[in-house]
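1. give the three-dimensional model of this entry:
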Amino acid sequence: MKYRHLAVAGAVALVCSFAALARSADDEQKEYARAKAGLAKAKLTLEQAVEAAVKKVPHGKAVEAAIENEKQGTVFEVEVISGKKHMEVQVDAATGEILDVEEEDEEKEEATKGEDEPDDEELENEAAATSKTTLVQAIRAASKEVASGKAFDASFLRHDGKLAIEVELLDGSKVKVVHVDAQTGKLLKVKDESKN
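-> Okay, the predicted model is just below:
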């Protein structure tokens with residue numbers, strides 16, 4: 001009887017794991033579809049949007065950037081750290097106009113985040129303080145590696161324990177992910193994330 005309960009519990013856990021993986025893959029595909037639609041409307045590149053955002057925030061260092069489809073249209077959202085402030089800069093993807101600059105409300109962000117999402121503020125602060133490679137340099141390196149790709153997302157992460165920058169690019173119908181070492185600027189990994 002005891003073993004039957006363990007077997008049932010194990011089976012339920014396995015089914016839940018597969019359901020979570022399927023949901024995650026589905027969410028990823030929706031994100032890529034939104035990015036593709038946004039990039040089709042954009043006249044700016046992610047690199048240009050990051051450059052514009054950094055110019056807008058004095059002494060700032062970009063730590064995250066992505067294309068988003070908002071009510072007002074397609075925008076690039078760029079997080080720039082200046083001192084201890086995390087500033088979110090919205091750049092119009094068609095005109096390059098700075099639409100909004102506001103300080104992130106970490107408490108509000110944490111409240112809307114899912115339980116399973118890691119808090120990235122500590123990593124972003126470390127990146128702003130220690131990274132020798134900028135987000136723009138990483139986007140350029142990734143774009144050079146995937147020459148026909150269009151960057152739509154860039155952020156800092158850990159790659160084998162080292163600080164790195166992940167750049168996601170759309171290359172036709174494929175999604176390529178490039179990791180760039182945050183200290184040396186060297187490519188660490190290029191991966192095809194497509195589910196074709």
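
2. at which residues are the helices of this protein located?
-> Taking DSSP state H to define them, one finds helices in the chain at 2-41, 46-56, 106-112, 121-130, 135-145.

3. can you tell me the average pLDDT over the third one?
-> Here the mean pLDDT over helix 106-112 is 62, rounded to a whole number.

4. one more: the longest one?
-> Taken as a whole, helix 2-41 has an average pLDDT of 61.

5. just checking, residue 184 touches residue 133?
-> Yes. Assessed by CB atoms under 8 Å, residue 184 is found in contact with residue 133 at 7.2 Å. For glycine as for every other residue, the C-beta is placed from the backbone atoms N, C-alpha and C.

6. those two - which one has more neighbours?
-> Between residue 184 and residue 133, counted using other CB atoms under 10 Å, the more crowded position is residue 133 (20 against 11).

7. now do the residue nearest to residue 163 when sequence neighbours are not counted against residue 129, distance only.
-> Nearest non-adjacent residue to residue 163, counting by CB to CB, 6 or more residues apart in numbering: residue 182, 4.1 Å away. In this view, residue 182 and residue 129 are 11 Å apart by CB to CB, to the nearest Å.

8. those two: which has the busier surroundings?
-> Applying other CB under 10 Å to residue 182 and residue 129 shows that residue 182 carries more neighbours, namely 25 against 9.

9. so who does the more buried one touch?
-> Applying CB atoms under 8 Å, 6 or more residues apart in numbering, we find residue 182 in contact with 127, 130-133, 138, 156, 162-165.

10. quick check: it vs residue 123, distance?
-> In terms of CB to CB, residue 182 sits 10 Å off from residue 123.

11. overlap in contacts of these two?
-> 156, 163.

12. ok, so of the contacts of residue 182, who is nearest residue 52?
-> Nearest to residue 52 among the contacts of residue 182 is residue 138, at 16.9 Å by CB to CB.

13. count of neighbours near the closest one?
-> Neighbours of residue 138 (other CB under 10 Å): 29.

14. then residue 190?
-> Residues lying near residue 190 (other CB under 10 Å) number 14.

15. which of the contacts of residue 182 sit farthest apart?
-> 130 and 138 (14.5 Å).
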